[in-house]
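Participant: sequence first, then the predicted structure:
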Amino acid sequence: MSSSNPSTNYAELQRKYLQELKHLEEEEERLVDNLNNLFNQKTFLEDKVKGVSKLIPTLKVIKHEAQDLVNTINDISDSSEKISGKIRSLDVAKNRVDECQLRVNDLIDLDICSQGVQAAILDSDYEKGAAHVHRFLSMDQSVLTKTATDMDNVSNIMKSVRTLQDASSQLRAIVEHKFNEAVNNEDLTSIERFFKIFPLLGMHEEGIKEFCTYLRTKIASVAEKNLKTAMGIPQSDKRYGVIYADTLVLLFEGLARVIDTHQPLIETYYGPGRLLSAIKVLQKECDVQMKRVYADWAKVRQINKKIQVVNEILRMGSSSSFGKIEKIDPKDLDILIGEITLMHYRTELYIKFVQRKVMADADVGIPNQEDKEKIIKSLENVIKDSDISQCKHELLSHYLRLEQYYMDESIAKAVAMDTLEPSQQTSSMVDDTFFIVRKCIRRSISTGSLDGICAIINNACRALESDYCEVLKGRLRQGYPSGYLDLTQAYNVLQTSIQHGRLQSGDTEQSRTAFITALNNSDSSIEYVDALCDHVMKEIEQALPKMNSRDRGKLESCLSGLSSVTANLKDIIDYGMQQLRNAAVKPRVHPWVDAFLNVSHHFTEEELSAYEAGEPFVQTLIMNLETLLSSFKDILTPSNFDAFTQVLTSEVTQRLEKIVMKSTFNRLGGLVLDKEVRSLAGYITATTSWSVRDKFARLTQIATVLNLEQLNEIYDYWGNHDGALTWRLTPTELKSVMQLRTDFKSDEIKRLKL
Amino acid sequence: MDDYKFLFKVVLVGNAGVGKTCLVRRFTQGLFPPGQGATIGVDFMIKTVEVGNEKVKLQIWDTAGQERFRSITQSYYRSAHALILVYDISCQPTFDCLPDWLREIEEYASSKVLRVLVGNKIDREDREIPTHVGEEFAERHNMYFLETSAKESDNVERLFMQIAEDLMKQARTRDLPRYDSNAQSINGRTSTIGDSSCCSKLQ
């Protein structure tokens, strides 16, 4: 290292040393600074140390004082411990004194009561007597006997107790007797007087029972009068049709009034939480009266006979024409069904009222959750086992039977009376049927019973899906009588139709209209079903606002049955479209498309320009299609017309594909085909709202292949590059299309790698 | 929101007090509620089960056995995929009523409905209908047969799972030809399920 260039080496060394020196100087400077700093701090620190050492004696003092404080606190805590023990024993003593005082008071009262009660009874001052007994009953009997044994004059106390016990049973007997007497005398003030005494004697349940039994007689007499009035009403009266519903309303309103007016009384004198006991008694009368009204109603309205007839007819199916049983005109049931729904709804309403009342009373009067649940359970059982619930279920059952009959028969009638107004696309049965279904479902909503609503929805689904759809399907099965373009074709079509038994006789035009109407009816029925679903859901939500999630699930499941009606209708339309395809589309489209074969697709340049000027094949085809489409445009509903155009398009494209495969082409012929396909696709796109690209995909690709300049141009469209098409043709199909070009060599086509 | 592949409606019928509600409760909630009151109208429960990695939603309709609810319960037969007819093995009258129930099923239910006969309450000592009698009845009427105890939870899970599996099998065979069918069958449903399979017993 040193050998190579000593002079530079020295310079380097010198520079290094200088640098080193500078470093050291800086270091020194820093150290001096540090020293200075420390020096400066020294005095400051010394001051601090001095200050601290001055504090030391003070701290010693503080320590002593703290020690003293601890001692004092310990002393205090000791003494307070002692005091609190004393206070505790004082407390116990005080409690004993209190208890003692209570006993003394009880004893004094016992004495007073035992003396007073007899006098009160003798004076017929039952309130006072009862007050004494009440005071006696509020004493703790076990304590009383204990006190007696603790004292010397046992006999004295026991004597008083016995006197009072005797007096209370005496009073109980008297009050019960007097109450009954008052009831017999219809002495309202006495009834109320003794009603108030019962709870004083600890006879809460008895009091309520006696009082409500009295109320029962009141209700019974009013109800009897109402029923008699109802039975006497002339048939001409405008309330005659709903008179039993009116009678029930009077009964329930009467009961509700009784409950509303007496509940505060019971609450004041007997305490809250006792309404259920009252309801239990009143419910018995309600049951008796409801059964009466129901039995009378069933007799007068001849309900059993009607149900029997209806059941027979329903079992046989509405369409069968059994002459044995005389059918009931559904219209005649209208009023009866209305009355039943009203009766059912009112009963439901009353039951809800009772439930609400008892629950509210239990909420106020019974704080214990367990007891409250017991009350709720007991209430449920009272209602479940009651005759009014039974009657309610019977009413619903009758309603459902009659409504089912009404719906089935009315729909059958609507179908039988089906008429088509000229210029209408659909006939009257659609409107009528859905009017009926909607009416029935609405009526079921007015019963207020979710089970009833669900059952009617289920029945409606059945009626629509089997009866109604069957009719539409049946009409389509009759087939569409083909129209004709020329006489030979008309003759052929007629022949095949007769052979297939589709066309029995005469009026082609009429059967054609019937077919198209059925198709349109099916389409518009789909709209009706959707609307029905929406409206029904809204109406039910309004009528039954407090549905829980399970009820809602139930309802939604039943409503979803309507969607299978829609599916059924869609199947029917599909079926009808296939019929149309076979009868109206195929026989016409085939000759039009087959005309393609009449044109040679081997063009020279001159022929090409002449042909292109007119495009005779495709223009004729378009014209024919136009005529066919326009004959259906006004008679089909828009969505049916769309479906029809689709059917027509696939028929045309499929047929044309077949025909093209039977032809041969030169280069210019391929060009013409490509243009023709474009014109056709353009025309159909213009007539419809949906995309035709899919239906034309194969045909367009065939035209593309036939329009190739040279064979290997196919690689512009085939393969995994950007310009490639999504092919609908398989490689084999593609090669057979290529074979149609007379100028493509067969072995070259075979060699193509696709 | 629910990701189930199949939804089937299963309807339970049979005399009052044979234990329909208890069977449903046992299966859907794992409970055996003693002192169950009579069902009013119809009750509705849902349980999603898994059959071979597929979620199947069972909609179980528990109907009231009492006569006066018949017009409500009958309306549910038509849309049922499976009907479970229940009797009480310790109560001859509930077995004697089976022909009446079958008549009702014939009248209201779809002909393709899967029908299962269930003898419930095998936990009881006082059996009145021997197993083979129930079995023979089921065989005669092309029904599945199973004896259960909702109380002891015997065969309950099996009953519903077997139904779910069977209905799924049915749905599969029924749906396959339906997808590529050329719209000619306007019934939509082609009855391809062999009725012969119905005879086989679950046991």
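Facilitator: Sure thing, it's come through. Numbering: from 1, shown residues only, chains lettered A, B, ... in the order given.

Participant: so residue B:54 makes contact with residue B:167?
Facilitator: No - using C-beta atoms under 8 Å, residue B:54 is not in contact with residue B:167, being 11.6 Å away. For glycine as for every other residue, the C-beta is placed from the backbone atoms N, C-alpha and C.

Participant: so which of the two has more stuff around it?
Facilitator: residue B:167 (21 against 13; other C-beta atoms under 10 Å in any protein chain shown).

Participant: so which helix or strand takes in that one?
Facilitator: When secondary structure is defined by DSSP states H and E, residue B:167 falls within helix B:156-179.

Participant: restricting to C-alpha, output that helix in CSV.
Facilitator: Provided in CSV are the C-alpha atoms of helix B:156-179 (Å, rounded to 0.1, in the frame of the first residue of the first chain):
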residue,chain,number,x,y,z
VAL,B,156,-90.5,-39.5,15.3
GLU,B,157,-87.3,-38.2,13.7
ARG,B,158,-87.2,-41.2,11.4
LEU,B,159,-90.8,-40.7,10.3
PHE,B,160,-90.3,-37.1,9.1
MET,B,161,-86.8,-37.7,7.7
GLN,B,162,-88.0,-40.7,5.6
ILE,B,163,-90.8,-38.6,4.3
ALA,B,164,-88.4,-35.8,3.4
GLU,B,165,-86.1,-38.2,1.6
ASP,B,166,-88.9,-39.8,-0.3
LEU,B,167,-90.4,-36.6,-1.4
MET,B,168,-87.0,-35.4,-2.6
LYS,B,169,-86.6,-38.6,-4.6
GLN,B,170,-90.0,-38.1,-6.1
ALA,B,171,-89.3,-34.4,-6.9
ARG,B,172,-86.1,-35.3,-8.7
THR,B,173,-87.6,-38.0,-10.9
ARG,B,174,-90.6,-35.8,-11.6
ASP,B,175,-88.6,-32.7,-12.4
LEU,B,176,-86.0,-34.1,-14.8
PRO,B,177,-88.3,-34.9,-17.7
ARG,B,178,-90.2,-31.7,-17.0
TYR,B,179,-87.3,-29.4,-17.8
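
Participant: may I see the buried residues of it?
Facilitator: Buried residues in helix B:156-179, counted by 16 or more other C-beta atoms under 10 Å in any protein chain shown: B:156, B:159-164, B:166-168, B:170-171, B:174.

Participant: now, which of those lie close to chain A?
Facilitator: Among the buried residues of helix B:156-179, no residue sits close to chain A (C-beta under 8 Å from any C-beta of the partner chain).

Participant: which residue would you name as the spatial centre of chain A?
Facilitator: Residue closest to the mean C-alpha point of chain A, counted by C-alpha atoms, centre = their mean, is residue A:552 at 3.2 Å.

Participant: roughly how far does that one sit from chain B?
Facilitator: Going from residue A:552 to chain B by C-beta to the nearest C-beta, to the nearest Å gives 10 Å.

Participant: for that residue, grab phi and psi.
Facilitator: Backbone torsions of residue A:552, given as degrees, to the nearest 10, read phi -60, psi -40.

Participant: what's near enough to touch it?
Facilitator: Residues near residue A:552 by C-beta atoms under 8 Å, 6 or more residues apart in numbering or on different chains: none.

Participant: looking at it now. What's its pLDDT?
Facilitator: Note on residue A:552: pLDDT of 90.

Participant: what is the neighbour count of residue 112?
Facilitator: With no chain named, the answer covers chain A. The burial count for residue A:112: 13, using other C-beta under 10 Å.

Participant: oops, wrong one, chain B.
Facilitator: 12.

Participant: what of the one 10 residues further on?
Facilitator: Neighbours of residue B:122 under the rule other C-beta under 10 Å: 18.

Participant: that one: helix or strand, and which one exactly?
Facilitator: Of the helices and strands defined by DSSP H and E, none includes residue B:122.

Participant: ok, it to chain A distance?
Facilitator: Distance, residue B:122 to chain A, by C-beta to the nearest C-beta: 29 Å.

Participant: does that residue touch residue B:89 like I think?
Facilitator: Yes - if you go by C-beta under 8 Å, residue B:122 and residue B:89 touch, sitting 5.9 Å apart.

Participant: any shared contact partners between those two?
Facilitator: Contact with both residue B:122 and residue B:89 is made by residues residue B:147, according to C-beta under 8 Å, 6+ apart.

Participant: and for the closest residue to chain B within the stretch 101-250 of chain A, the neighbour number?
Facilitator: With C-beta to the nearest C-beta as the measure, residue A:248 is the residue of the stretch 101-250 of chain A nearest to chain B, at 18.5 Å. Applying other C-beta under 10 Å, we find 30 residues neighbouring residue A:248.

Participant: what's it in contact with, if anything?
Facilitator: Residue A:248 sits in contact with A:290, A:293, A:343, A:346-347, where contact means C-beta under 8 Å, 6+ apart.

Participant: so which bits of stretch B:118-128 are buried?
Facilitator: Going by neighbour count (16+ other C-beta under 10 Å), the buried part of stretch B:118-128 is B:118-122.

Participant: then stretch A:706-722?
Facilitator: Buried residues in stretch A:706-722 (16+ other C-beta under 10 Å): A:706-708, A:711, A:714, A:717-718.

Participant: the closest residue to residue A:241 other than its chain neighbours: neighbour count?
Facilitator: In space, and not counting its chain neighbours, residue A:241 is closest to residue A:335: 4.2 Å by C-beta to C-beta, 6 or more residues apart in numbering or on different chains. For residue A:335, the neighbour count with other C-beta under 10 Å is 13.
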